[in-house]
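S.K.: have a look at this prediction, sequence included:
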Amino acid sequence: MPEKLRMAQYGTKHGHAEGVLQVMLDHPEVEVVGVYEPDAVRREQVENSGSWANVDFIDDPDDFLDDPMVDCVTSEGANKESLGFTEEIVAAGKHVFYDKPAGDDYPRFEHIIEIARAQGTMIQMGYMFRKHDGFERIANWARSGFLGDIFQVRAHMSTWIPEKNPEGQFTGREGLAHHKGGVMYDLGGHMLDQVVWILGRPNRVSRFFQNATSENRDVMDNTLGVFEYGNAIATVDIAAMETRPMARRFEVYGTKGSAIMEPFEPADTIRLTLGEDQGEYKKGVNTVKIEHRARYVDTFAELVRNIKGESEPLRTLDHELLVQETLMRVTGGLSG
């Protein structure tokens, strides 16, 4: 395998597209061969600005899709177009970093996953907390039994989103109105990625969605999902109009202890409470200092190592399917 992996980006309208591009540009083992944006107006808007000014724009995606020397493509289209982009990338036999969520058509995503599985290519979803110090610690405590039997998980990841779409994108509330579930559809996968990693597939899913403040009455801007397990309940609540800085919070409760992280961006501390001494931690309340890590840097670096055969993926393709299935269940795209 060449010293540097050759990569491209398909689309620019995702809210994280420029950030992911910069992570690619900064990685010493990656060569970015170009960016393709099918919308001529959007291309003109970004082509000579910010991180986009440091890459070549390509007129035809086949220039990298048909190039056997291109190893991986990032799928960074708007939420309503990215599933199609990803299907093209996977059909071309490329590894893909697919920025969340995985579209509105679950059977289509399932088919794309099966193509990737059959040909041995990787799909890493853009859920940005997989290498977050706090989420990693809490998940390890929960999955190892350190916290005992987990009976409750609570996740709060609200944000502030403008009413109108920014120029060239669909990331305002009017853009969210295109999708069932509104802000839950847009952001819920980040939290469900953690919830199902800890608890697995929920037995039953319920939703409580409303339009609380938005001028566009079609957008669900105040949302709550409830996920029922045999001996546990998880809740995820997300709104689109929380005052900045947001009080994003993640909590896990078990029979031997609990872990509460607020805020999780920027990362600071975890309040770990234990019923008895365990290892380096004492009975009662422990304040655990955690490292703040930039979004995507470590997860993208792990994908590079995966492609080079130096490590195993952080999550399996089955896990990627489970996150999307659970998101579709809570937003109404799937029953149950």
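M.R.: Perfect, thanks for sending it.

S.K.: got the residue ranges for the strands in the stretch 101-250 of the chain?
M.R.: Assigned strands in the stretch 101-250 of the chain, in chain order: 123-125, 150-156, 204-210, 222-228, 233-239, 249-254 (criterion: DSSP state E, counting those that start in this stretch).

S.K.: and the shortest one, which strands flank it?
M.R.: Right, the one you point to is strand 123-125. Next to strand 123-125 in the sheet, as set by DSSP bridges, lie strand 95-98 (parallel).

S.K.: tell me which residues touch the nearest residue to Pro166 once chain neighbours are set aside, please.
M.R.: Residue nearest to Pro166 in three dimensions, not counting chain neighbours: Gly172, with 6.4 Å by CB to CB, 6 or more residues apart in numbering. Any C-beta I mention is one placed from the backbone N, CA and C, and that applies to glycine too. Contacts here follow CB atoms under 8 Å, 6 or more residues apart in numbering; on that basis Gly172 touches Ile161, Pro162, Glu163, Lys164, Asn165, Pro166.

S.K.: go again with 6 Å.
M.R.: Counting by CB atoms under 6 Å, 6 or more residues apart in numbering, Gly172 makes contact with Pro162, Lys164, Asn165.

S.K.: quick one, which of the residues you listed are buried?
M.R.: Buried members of these, counted by 16 or more other CB atoms under 10 Å: Asn165.

S.K.: longest helix anywhere in the chain?
M.R.: Longest helix of the chain, by residue count under DSSP state H: helix 183-199.

S.K.: chain center to that one: distance?
M.R.: Computed by CA atoms, centre = their mean, to the nearest Å, the separation of helix 183-199 from the middle of its chain amounts to 8 Å.

S.K.: so for stretch 296-305, mean pLDDT?
M.R.: In this model, stretch 296-305 has a mean pLDDT of 96.

S.K.: grab the nearest non-local neighbour of Gly254.
M.R.: Using CB to CB, 6+ apart and skipping residues adjacent in sequence, the residue nearest Gly254 is Leu147, 3.3 Å away.

S.K.: what sits closest to Phe208 if chain neighbours are left out?
M.R.: Phe208 sits nearest to Leu224 (CB to CB, 6+ apart), 4.4 Å away.

S.K.: okay, now the one you found: neighbour count?
M.R.: Neighbours of Leu224 under the rule other CB atoms under 10 Å: 17.

S.K.: what about stretch 253-263, distance to the chain center?
M.R.: In this view, stretch 253-263 has its centroid 22 Å away from the chain centroid, taken as CA atoms, centre = their mean.

S.K.: buried residues in it, which are they?
M.R.: If you call a residue buried by 16+ other CB under 10 Å, then stretch 253-263 has these buried ones: Tyr253, Gly254, Lys256, Gly257, Ser258, Ala259, Ile260, Met261, Pro263.
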